[in-house]
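*Asks:* can you look at this prediction? I've put the sequence above it.
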Amino acid sequence: MAEPRGCALQVENLSVSLGGHAILRNAGLVLQDGRTMAIIGQSGCGKTTLLKAIAGLLPVDSGRITVAGRPIDSLPPRARSAVYLYQEPLLFPHLDVFENVAFGLRIRGIAGAELQQRVRPMLEQLDLAALAKRRPQALSGGQRQRVAFGRALIIEPALLLLDEPFSNLDPEARMGMQTLFKTVAGAHGIASIFVTHDVKEALLIGDAFGLLRGGQLHVYRDRAGFLADPASGVSREAEFWRQVRSTEAEAPRQPER
Amino acid sequence: MQRTLAGLLSLSLIVPVALLVVLSLTRYWIFPDIFPAQWQIEQWQRLFQGGSDLVPATMCSIGIATGVALTSTALAFPASRGICRLRRRGALLTLAHLPYAASPVVLGASLLYVFLRLHLADSVAGVMLAQFVFAFAYGIILLSSFWNTDVESLIGVAATLGARPVQVWLRVLVPRALPLLGICLFQTFLISWFDYALVLLVGGGLVDTLTIRLFQYFEAGDARLAATCALLLMAPPLLGLALNQRLLTAGLLFQEIEHDG
């Protein structure tokens, strides 16, 4: 297959088995530079497996993965330029916020003034400057996710792989992180795959859409296709809210005391 | 009631140590005298001036125990990860208990045959190797508790951020495991420090450690030297215990805050 122009990620016929069970079967997708593909699916459908296989954290049975035009199938995770963000922020507990964000730069031998010049703006951008000396244990869930996000962005990877990163946050923090993600990922022009089981989150975050079901990935041609597909759950969600509104409208109002 | 118990416990800890201190500072203390008739600090003076037999024995014990603790901890840490990643890790971890199932005398006698053939008997290296068998097994058992899915995920995070395996070990795993590694170092140090049977069997009387000295003084009926030697034997463990306690407390607090957060 010819490599599409401006392609950040191309996955072809990716199959993964775990413990003898096929988890992913012939998955394929193409993601353009700077875009975010939201992939939805229920628990256990293979979302995490897909991301881990792309990141090189799981062995694959077959298939081809290309990041920024470079085949990465045989490369170790550190050489793939694809950062995986877990559902839990998983910060390094022995490092403070500054050092967590600086981790990827330090291991590349960047130190001193250059390190400061790169980390400080990132902390500012993510509203973490005041927390630079705090340990992860002293941060809220949302703050931890921001640190994890900054730690990933600072090394300017070709690809971000986000595994339901906001699912453990309270609704307010979650909404804030969704907006922040859109803004920052857009500003850095980093392509990303965002898996979630929340249709609303997928619609808010995604530029492109996929559905994983029973280990098979279906990528939608466009947003309209995603919205129209009954399997995506969008119509179910819309119907739920329509019923809520209709019930609210029909309910007799209690007289005010 | 609690105060009485605490007092009794404190006394049971303090009295034996105080008795050793008094004995080490005594010239004559003969029954039925309640207090020593004559005091002296000759043993301690000789020790600090380098004229005592205890000095080389102390140095030998420190050298052997430090070497055994460092090598067994350094090797048990990656080895424990290797074992924990295997499907049959349960069986291998059970195997690690075997040195403790057999008595050190039995194991020492068995090892002696091998060490004689390898020309390792009657040497410091032989004693260290024999003690390493116990300390390494202990290290594996202790450090295997460190590996869990969270740690494996941290390894994944570091790897996707670009860390090479050696960087993952030095920048993530070792700092993360520091409290547990401290405990392992201390415990393996003690395994070697207090060992008598293996030093006697494998060292063949040529390796002169504090435990060997202590038994020699007891056999010779020299209570003053035995007391000085016993106090020396107690000193590093007590120091280590204080440090270890700090590390242990730090480690526990660490986990507590993490769960709360």
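*Replies:* Cool, the structure landed.
*Asks:* list the contacts of the residue most central in space within chain B.
*Replies:* What sits nearest the mean C-alpha location of chain B, by Cα atoms, centre = their mean, is B:Leu190, with 1.4 Å. Applying Cβ atoms under 8 Å, 6 or more residues apart in numbering or on different chains, we find B:Leu190 in contact with B:65, B:237, B:240. Quick note: C-beta positions are derived from backbone N, CA and C, even for glycine.
*Asks:* domain ranges for chain B?
*Replies:* Using automatic domain parsing, the domain parsing of chain B gives B:1-40, B:51-260.
*Asks:* near chain B, which residues of the stretch 1-150 of chain A show up?
*Replies:* A:52, A:55-57, A:76-80, A:82-84, A:86, A:88, A:90, A:92-95, A:103-104, A:106-108, A:136-140, A:144 (Cβ under 8 Å from any Cβ of the partner chain).
*Asks:* among those residues, which ones are in helices?
*Replies:* Among the residues of the stretch 1-150 of chain A next to chain B, the ones falling in helices (DSSP state H) are A:52, A:55, A:103-104, A:106, A:144.
*Asks:* got a PyMOL select line for the buried ones in these?
*Replies:* What follows is the PyMOL syntax selecting those of these that are buried according to 16 or more other Cβ atoms under 10 Å in any protein chain shown:
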select buried, chain A and resi 52+55+103+104+106+144
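*Asks:* looking at the ones in helices among the residues of the stretch 1-150 of chain A next to chain B, which one is closest to chain B?
*Replies:* Closest approach between these and chain B, by Cβ to the nearest Cβ: A:Gly104, at 4.3 Å.
*Asks:* which residue sits closest to the closest one in space, ignoring its chain neighbours?
*Replies:* Leaving aside its sequence neighbours, A:Gly104 sits nearest to A:Ile155 (Cβ to Cβ, 6 or more residues apart in numbering or on different chains; 3.8 Å).
*Asks:* in a helix, the one you found, correct?
*Replies:* No - counting by DSSP: H, G, I helix; E, B strand; the rest coil, one finds A:Ile155 to be coil, located in no helix.
*Asks:* show me the contacts for it.
*Replies:* If you count contacts by Cβ under 8 Å, 6+ apart, A:Ile155 has them with A:83, A:104-105, A:108, B:161-162.
*Asks:* top of the residues you listed by neighbour count?
*Replies:* For the contacts of A:Ile155, the largest number of neighbours (other Cβ atoms under 10 Å in any protein chain shown) sits with A:Val83, at 29 neighbours.
*Asks:* which residues does it form a beta bridge with?
*Replies:* Beta bridges link A:Val83 to A:Leu160, judged by DSSP bridges.
*Asks:* and for A:Leu31?
*Replies:* Applying DSSP bridges to A:Leu31 gives these bridge partners: A:Leu9.
*Asks:* surely it meets A:Ala208?
*Replies:* Yes - applying Cβ atoms under 8 Å as the test, A:Leu31 and A:Ala208 come out as touching, 6.7 Å apart.
*Asks:* which neighbours do those two have in common?
*Replies:* Common neighbours of A:Leu31 and A:Ala208 (Cβ under 8 Å, 6+ apart) are A:Met37.
*Asks:* so for chain A, the centremost residue is which one?
*Replies:* Note: chain A centre (Cα atoms, centre = their mean) maps to A:Leu162, 2.2 Å.
*Asks:* now the helix or strand hosting that one, how far from the centre of its chain.
*Replies:* Per DSSP states H and E, A:Leu162 falls inside strand A:159-163. Here strand A:159-163 shows a centroid-to-chain-centroid distance of 4 Å under the convention Cα atoms, centre = their mean, to the nearest Å.
*Asks:* contacts for it next, please.
*Replies:* Under the criterion Cβ under 8 Å, 6+ apart, residues A:8-9, A:31, A:47-48, A:51, A:54-55, A:67-68, A:80-87, A:152-153, A:181, A:185, A:190-195, B:160 lie in contact with strand A:159-163.
*Asks:* where does the stretch 1-150 of chain A have low pLDDT?
*Replies:* For the stretch 1-150 of chain A, residues meeting the criterion pLDDT under 70 lie at A:1-5.
*Asks:* ranges for the helices of the chain?
*Replies:* Here I'm looking at chain A. Along chain A, counting by DSSP H, helices occupy A:47-55, A:97-106, A:112-125, A:141-153, A:171-188, A:199-205, A:223-228, A:234-250.
*Asks:* sorry, I should have been clearer: chain B.
*Replies:* Along chain B, counting by DSSP H, helices occupy B:2-24, B:42-49, B:54-84, B:89-95, B:98-101, B:104-117, B:124-143, B:149-160, B:165-167, B:174-193, B:197-203, B:210-220, B:223-260.
*Asks:* can you redo those as JSON lines with mean pLDDT and distance to A:Leu126?
*Replies:* Listed next are the helices of chain B as JSON lines, based on pLDDT from 0 to 100; distance: least, Cβ to Cβ, whole Å:
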{"stretch": "helix B:2-24", "mean pLDDT": "87", "distance to A:Leu126": "51"}
{"stretch": "helix B:42-49", "mean pLDDT": "74", "distance to A:Leu126": "58"}
{"stretch": "helix B:54-84", "mean pLDDT": "94", "distance to A:Leu126": "33"}
{"stretch": "helix B:89-95", "mean pLDDT": "84", "distance to A:Leu126": "40"}
{"stretch": "helix B:98-101", "mean pLDDT": "79", "distance to A:Leu126": "51"}
{"stretch": "helix B:104-117", "mean pLDDT": "82", "distance to A:Leu126": "57"}
{"stretch": "helix B:124-143", "mean pLDDT": "93", "distance to A:Leu126": "36"}
{"stretch": "helix B:149-160", "mean pLDDT": "93", "distance to A:Leu126": "17"}
{"stretch": "helix B:165-167", "mean pLDDT": "96", "distance to A:Leu126": "24"}
{"stretch": "helix B:174-193", "mean pLDDT": "92", "distance to A:Leu126": "24"}
{"stretch": "helix B:197-203", "mean pLDDT": "89", "distance to A:Leu126": "57"}
{"stretch": "helix B:210-220", "mean pLDDT": "88", "distance to A:Leu126": "57"}
{"stretch": "helix B:223-260", "mean pLDDT": "70", "distance to A:Leu126": "22"}
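*Asks:* quick one, which of the ones you listed is nearest to A:Leu128?
*Replies:* Distance to A:Leu128, taken as Cβ to Cβ, is lowest for helix B:149-160 among those, at 17.8 Å.
*Asks:* counting by contacts, list what the closest one packs against.
*Replies:* helix A:47-55, strand A:82-85 (3 or more Cβ pairs under 8 Å, 6 or more residues apart in numbering or on different chains; DSSP states H and E).
*Asks:* okay, B:Arg246 and A:Gln116: tell me how far apart.
*Replies:* Look at B:Arg246 and A:Gln116: by Cβ to Cβ, to the nearest Å, they are 32 Å apart.
*Asks:* one more: B:Cys60?
*Replies:* Shown here: B:Cys60 relative to A:Gln116, a distance of 50 Å by Cβ to Cβ.
*Asks:* between those two, which one's more packed in?
*Replies:* Neighbour count, other Cβ under 10 Å: between B:Cys60 and A:Gln116, B:Cys60 has more, with 20 against 12.
*Asks:* now B:Pro212. Nearest residue, chain neighbours left out?
*Replies:* Quick fix: residue B:212 is Ile, not Pro. B:Ile212 sits nearest to B:Val199 (Cβ to Cβ, 6+ apart), 5.8 Å away.
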